[in-house]
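Engineer: sequence and predicted structure below; questions after.
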Amino acid sequence: MATLVLLRILVVVLLVALNAFFVAAEFAIVSVRDTRVQQLIDARRTGARTVQRLQQRLDDFLPAVQFGVTLASLALGWIGEPVIAQLLLRPLAGLPRAPLYAHSAAVVIAFICITYFHVIMGELVPKSLALQRVEQVALSVAGPMDVFITISRPLLHLMTNSANAVLKLFGSRLMREGGMHSPEELKLILTSSRRLGLLPPVQEEIMHHALEMENTTVREILVPRQNIFSLPADMTLEDAMARVVEDQHSRIPIYDPKLGREHIVGVLYAKDLSRFMYLRSSVRTRTISPDLMLRVRHIMRDVLVVPETKPLLDLLAEFRHRKRHLAIVVDEYGSTVGLVTVEDVLEQIVGEIEDEFDIAVQPRLLETGALVLEGGANVRDLDSHLQIRLPRDEGFETLGGFIMWRLGRLPKIGDAVQYEGRRYSVLEMQDRRVLQVKVEQLGPAQPEVEEQPSLFQ
């Protein structure tokens, strides 16, 4: 009798250990990073390839783990509870009125003991150990788990098909397991990693910007047509060189002078221009007829044209594929609306990039504390650099466009609008364009007025 009881106790311990094995396997295999697994494979660590195979087959691995945990738990309750209850019956039999409650009390106490032992030794302890020593545990359990999956695969497929059949009755299907995260979830993970000191703030910011690019189009970052520096196709190389040296651009859009500045027909590379000018200067004879003088159209290259609705990620891929750094942006009617460069796209990820020829345009700070900004300032840049948040889904991309949207008409000098605690006043106009805007922070006591009439009407 005693031998049978000891044997059952041993079985209980083994079942708890089996449950602990499956719990540790689940947390270790899922938690170990796939990049680290590849490093272990390169180092020829035993079991590393099996770990990688299990991670790639989570649809088989996770159901197998749940199946093993369920079997171990059910067997533990079936075998362990009667054993503990039997051990408790004899001590309880000596208590007053034992026949009335001894058996029930033994069952309840046995249930509590088994549950406590199961939760502590079969769940919490193995989970903690697996998370603390994730690599060692993963390498140790990978082989046995692979064998268990192979043995139980027919039964697992039967249960999976049965679950799918039941879900079809509810118009659904069994979700595939995996470590997929939405962009918003990835942002939360990045923020948590930065707060824990696992990720530098700069890397977090870059990754956030990269994730946000998915929904950003060319229209939101382009240089407006009015701000494009371009040259006519019939300009001589000498005149073009003078303009390039003066304005210091490396790639210049070329327009057809007969059709107007918005009809871009090519792009001039400053290095091509320099090469031709050098070759020309090396020719000893200077008696060249004006009719034979080279024009910009003779050395310009084809220009890449993209729609304003093109996503930035697609544009970046096209830049890489076509080996281009500049593209002309057109609207749905084929009219030029601006240009975009590789630098413009990369700045959406890493922030403002300035070379030795760039002149940093900083907002002018007045004595009153107000800022003077360019009307063409992009609303995305205002948000990232000055924490001035303006609507992004109302059809405008610049500060001047925001003022037009709030006014509902073309602005005039002196017009002012208010939005979320700030007043935006038009200081300078050029034809229909807003050139300069004064931004003032409103005090808490000042009422918010939608529009102030122009002082110059």
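Structural biologist: Great, that's in hand. As the structure is a computational prediction, the values presented were derived from the model and not from experiment.
Engineer: domains for this structure, by residue range?
Structural biologist: 2-169, 183-214, 216-350, 364-452 (automatic domain parsing).
Engineer: as a markdown table, the ones you listed with mean pLDDT and mean neighbour count would be great.
Structural biologist: No exception for glycine: its C-beta is placed from N, CA and C like everyone else's. Below are the domains of the chain laid out as a markdown table (pLDDT from 0 to 100; neighbours: other C-beta atoms under 10 Å):
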| stretch | mean pLDDT | mean neighbour count |
| --- | --- | --- |
| domain 2-169 | 83 | 16 |
| domain 183-214 | 84 | 13 |
| domain 216-350 | 85 | 15 |
| domain 364-452 | 81 | 16 |
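Engineer: ok, for Leu399, nearest residue in space, not its chain neighbours?
Structural biologist: Nearest non-adjacent residue to Leu399, counting by C-beta to C-beta, 6 or more residues apart in numbering: Ala377, 4.6 Å away.
Engineer: is it true that that neighbour touches Phe402?
Structural biologist: No: counting by C-beta atoms under 8 Å, Phe402 is not a contact partner of Ala377; they are 9.6 Å apart.
Engineer: where along the stretch 101-250 of the chain do the helices fall?
Structural biologist: Ranges of helices in the stretch 101-250 of the chain, per DSSP state H, counting those that start in this stretch, are 125-132, 134-169, 183-195, 201-212, 237-247.
Engineer: same list, those helices, but as a markdown table with distance to Trp78 please.
Structural biologist: Formatted as a markdown table, these follow (distance: least, C-beta to C-beta, whole Å):
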| stretch | distance to Trp78 |
| --- | --- |
| helix 125-132 | 21 |
| helix 134-169 | 19 |
| helix 183-195 | 40 |
| helix 201-212 | 50 |
| helix 237-247 | 85 |
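Engineer: closest to Glu394 out of the ones you listed?
Structural biologist: With C-beta to C-beta, the closest approach to Glu394 among these belongs to helix 201-212: 18.3 Å.
Engineer: the closest one vs helix 183-195, what angle?
Structural biologist: Angle of helix 201-212 versus helix 183-195, following axes from the mean of the first three to the mean of the last three C-alpha atoms, to 10 degrees, is 180 degrees.
Engineer: contact partners of helix 201-212?
Structural biologist: Helix 201-212 is contacted from outside by Pro183, Leu186, Lys187, Leu190, Thr191, Ser193, Arg194, Gln348, Ile349, Val350, Gly351, using C-beta atoms under 8 Å, 6 or more residues apart in numbering.
Engineer: ok, now stretch 4-18?
Structural biologist: Counting by C-beta under 8 Å, 6+ apart, 68, 72, 75-76, 79-80, 82-83, 86-87, 114, 117-118, 121-122 sit against stretch 4-18.
Engineer: do that again at 7 Å, thanks
Structural biologist: When contacts are defined by C-beta atoms under 7 Å, 6 or more residues apart in numbering, stretch 4-18 is touched by residues Ala72, Ala75, Leu76, Ile79, Gly80, Val83, Gln86, Phe117, His118, Met121, Gly122.
Engineer: show me the contacts for Pro307.
Structural biologist: Val330.
Engineer: ok, it to Leu339 distance?
Structural biologist: 13 Å (C-beta to C-beta, to the nearest Å).
Engineer: and Asp247, by the same measure?
Structural biologist: 15 Å.
Engineer: cool, Phe319 as well?
Structural biologist: To Leu339, Phe319 is 13 Å away according to C-beta to C-beta.
Engineer: just Val345 next, same as before
Structural biologist: Val345 is 12 Å from Leu339, by C-beta to C-beta.
Engineer: now Thr50
Structural biologist: Distance from Thr50 to Leu339, by C-beta to C-beta: 53 Å.
Engineer: quick check: Gly338 is in a strand.
Structural biologist: Yes: under DSSP: H, G, I helix; E, B strand; the rest coil, Gly338 sits within a strand.
Engineer: skipping its backbone neighbours, what lies nearest it in space?
Structural biologist: Leu222 is the one closest to Gly338 (C-beta to C-beta, 6+ apart), at 3.6 Å.
Engineer: and that neighbour, what does it touch?
Structural biologist: Glu308, Val329, Val337, Gly338, Leu339, Val340.
Engineer: isn't Val218 up against Leu316?
Structural biologist: No: applying C-beta atoms under 7 Å as the test, Val218 and Leu316 come out as separate, 10.5 Å apart.
Engineer: among the helices of the stretch 101-250 of the chain, which comes closest to Leu407?
Structural biologist: When those are compared (using C-beta to C-beta), the closest one is helix 201-212, at 29.2 Å.
Engineer: strands of the stretch 301-450 of the chain, residue ranges please.
Structural biologist: Assigned by DSSP state E, counting those that start in this stretch, the strands in the stretch 301-450 of the chain fall at 304-307, 326-330, 336-341, 364-365, 371-374, 416-419, 422-430, 433-441.
Engineer: next one: Met241 from Pro232, what distance?
Structural biologist: For Met241, the distance to Pro232 - C-beta to C-beta - is 14 Å.
Engineer: skipping its backbone neighbours, what lies nearest Thr336 in space?
Structural biologist: For Thr336, the spatially nearest residue (C-beta to C-beta, 6+ apart) is Glu262, at 4.3 Å.
Engineer: and the gap between the one you found and Leu410?
Structural biologist: Distance from Glu262 to Leu410, by C-beta to C-beta: 21 Å.
Engineer: then Leu273?
Structural biologist: Using C-beta to C-beta, Leu273 is found at 39 Å from Leu410.
Engineer: go on, Pro307?
Structural biologist: 27 Å.
Engineer: also Ile41?
Structural biologist: Ile41 sits 65 Å away from Leu410, going by C-beta to C-beta.
Engineer: just give the closest residue to Arg194, not the sequence neighbours.
Structural biologist: What sits nearest to Arg194 in space, not counting adjacent residues and going by C-beta to C-beta, 6+ apart, is Glu204, at 4.4 Å.
Engineer: check Arg389 too.
Structural biologist: Distances taken as C-beta to C-beta, 6+ apart put Asp383 closest to Arg389, at 5.3 Å, once the chain neighbours are dropped.
Engineer: I figured that neighbour hits Arg392, correct?
Structural biologist: No: at 8.3 Å, Asp383 does not count as touching Arg392 under the criterion of C-beta under 7 Å.
Engineer: pull the contacting residues for Lys127.
Structural biologist: So Lys127 contacts Val23, Phe27 (C-beta under 7 Å, 6+ apart).
Engineer: swap the cut-off to 8 Å and go again
Structural biologist: Val23, Ala24, Phe27.
Engineer: what do you get for Val345?
Structural biologist: Ile221, Leu312, Leu315, Leu316, Phe319.
Engineer: let me see the contact set for Ile228.
Structural biologist: Residues near Ile228 by C-beta under 8 Å, 6+ apart: Pro253, Arg261, Gly338, Leu339.
Engineer: apply 7 Å and report the result again.
Structural biologist: Pro253, Gly338, Leu339.
Engineer: for the last one, list each beta-bridge partner.
Structural biologist: The reference is to Leu339. Val223, Ile328 (DSSP bridges).
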